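Peer 1: please work out how this folds:
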Amino acid sequence: MYKQFYNRRSRGPQTHRSYGRGNSFGARRIKTFDPSQIVNLPPAVTETKEYVSSHQFSDFQISDAIKRNIASKGYVIPTPIQDQSIPAILVGHDLIGMANTGTGKTAAFLIPLIDKVVKNRNQKVLIISPTRELAAQTKDELYSFANGLQIYSALCIGGANMWRQKEDLRRNPNFVIGTPGRLGDHIRSHSLNLNYFESVVLDEADRMVDDGFLPEIRQIISMLPKNRQSLFFSATVNEKVRWILQSFVTDPVTVSVKSGDITANIKQEIIRVTGSNSKTEELYKLLAKSEFEKVLIFGRTKHGVQKLSDNLIERGFKADAIHGNKNQSQRIRTLDKFKKDIIQILIATDVASRGLDIPNVSHVINYDLPESYEAYIHRIGRTGRADKKGVALTFVG
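Peer 2: Numbering: from 1, shown residues only. Okay, here's the model as predicted:
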């Protein structure tokens, strides 16, 4: 049994480490815990002045066509990470960018890299993401910023057709976006040659290491050309990723715009229930309320998530599920329906909590308890994004 204690300095529950199979980095796991220790902890927020951007997007020295695409999305003033990163990337610096989730990091590197390709069509860019969903989301963002510019990309992720990805790579795309495991597959099958990539992005680096991709990342970095522009984005930089910095970037510019704990914009509450029937009935009552406009529900198992989705659909709710038993195309279609408000409720295992930018999620519900404090923070971070308010509810039996 793990001994648990509450560390007031770190503002989070602590456990002894587990080094079980499938977790070579010893991520903390909590077998049992008092949910009061993870709900409504005082956020570590300091008083900060409102950020005043030094630029508008129209000020940046980028292609007019890119500026038109930015304007068509309604963007005028860059976020802090964009305001500080884009000028440094445009002049060719390596960069370490640290910012909270939901602050516009993807656009911070895509906009200057697209401009780089527009000015030199021989440029090749590699973007490495921790999850399939985040990689697909990055490709969608690429298309929106590069609309009409005839810039081509290949998406290399697991759970999708390997042969089709090889065909995309044979077309010599300017952007290759992928997860470490599938990129490694293409390297070993000689369908991806890293010698020609002059720009490389490591996105959500801390999560990739936590998810066990260290061997693949080490291999990819060792095969990249030494003369390159390297961009490193992460919410945190700890000892587990520090070696990546040493081998990945050269004389980097560091941009840090973290603004306190991500839970500052999230109201957290516990819903106490007894028995499985009481739990499901309480969920139905909550979801019937008008304020539950766009809801992300987390469950522990693939079977349980699918069963709950089926039950909600039978009750007349607009719902769907994503989990490991669904193939990648099914998961992408479901996420797209949720983003476009075709469905009101998405039920998911923790695959959905990593790095996804799903706009306007009003509520996150932990139907099943997360396995750790870190998992809890990743889950509830899907609401309260981009300075909006959100609500996180945790069911406790």
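
Peer 1: all helices for the stretch 251-397 of the chain, in order.
Peer 2: Taking DSSP state H, counting those that start in this stretch to define them, one finds helices in the stretch 251-397 of the chain at 276-287, 302-314, 328-339, 373-380.

Peer 1: wait, which of the ones you listed is closest to residue 165?
Peer 2: Closest to residue 165 of those is helix 328-339 (C-beta to C-beta; 11.2 Å). Just so you know, the C-beta spots here come from the backbone N, C-alpha and C atoms, and that holds for glycine as well.

Peer 1: give me the angle between that closest one and helix 302-314.
Peer 2: Computed with axes from the mean of the first three to the mean of the last three C-alpha atoms, to 10 degrees, the direction of helix 328-339 lies at 50 degrees from that of helix 302-314.

Peer 1: run a quick neighbour tally on residue 142.
Peer 2: Counted with other C-beta atoms under 10 Å, residues neighbouring residue 142 total 23.

Peer 1: what residues are up against it?
Peer 2: 110, 114, 151, 153, 175, 177 (C-beta atoms under 8 Å, 6 or more residues apart in numbering).

Peer 1: state the distance from it to residue 333.
Peer 2: Counting by C-beta to C-beta, to the nearest Å, the separation of residue 142 from residue 333 is 19 Å.

Peer 1: residue 249: what's it in contact with?
Peer 2: 94, 95, 96, 230, 232.

Peer 1: which pair in the residues you listed spans the largest distance?
Peer 2: Longest span within the contacts of residue 249, C-beta to C-beta: 96 and 230, 9.3 Å.

Peer 1: spit out the residues that contact these two alike.
Peer 2: With C-beta under 8 Å, 6+ apart, residue 96 and residue 230 have common neighbours 249, 252.

Peer 1: the closest residue to residue 311 other than its chain neighbours: neighbour count?
Peer 2: In space, and not counting its chain neighbours, residue 311 is closest to residue 280: 6.8 Å by C-beta to C-beta, 6 or more residues apart in numbering. If you count neighbours by other C-beta under 10 Å, residue 280 ends up with 18.

Peer 1: and what of the one 5 residues further on?
Peer 2: Counted with other C-beta under 10 Å, the burial measure for residue 285 works out to 9 neighbours.

Peer 1: next: the one 5 residues further on.
Peer 2: Close neighbours of residue 290, defined as other C-beta under 10 Å, add up to 5.

Peer 1: and residue 393, by the same measure?
Peer 2: Neighbourhood size, residue 393 [other C-beta under 10 Å]: 22.

Peer 1: what sits closest to it if chain neighbours are left out?
Peer 2: That would be residue 365: by C-beta to C-beta, 6+ apart, it lies 4.9 Å from residue 393.

Peer 1: quickly note the distance from the nearest residue to residue 58 once chain neighbours are set aside to residue 74.
Peer 2: Nearest non-adjacent residue to residue 58, counting by C-beta to C-beta, 6+ apart: residue 67, 6.0 Å away. Shown here: residue 67 relative to residue 74, a distance of 13 Å by C-beta to C-beta.

Peer 1: which one's more surrounded, these two?
Peer 2: Comparing residue 67 with residue 74 by other C-beta under 10 Å, the one with more neighbours is residue 67, at 18 against 6.

Peer 1: do I have it right that that one meets residue 61?
Peer 2: No. Counting by C-beta atoms under 8 Å, residue 67 does not reach residue 61; the two are 10.3 Å apart.

Peer 1: chain neighbours aside, what residue packs nearest to residue 326?
Peer 2: Using C-beta to C-beta, 6+ apart, the nearest residue to residue 326 is residue 334, at 7.5 Å.

Peer 1: residues touching the one you found, list them.
Peer 2: 320, 321, 322, 326, 343, 346.

Peer 1: the second one - nearest residue in space that isn't next to it in sequence?
Peer 2: Read it as residue 321. Leaving aside its sequence neighbours, residue 321 sits nearest to residue 309 (C-beta to C-beta, 6+ apart; 3.7 Å).

Peer 1: if anything else comes up later, I'll come back, but that's it for now.
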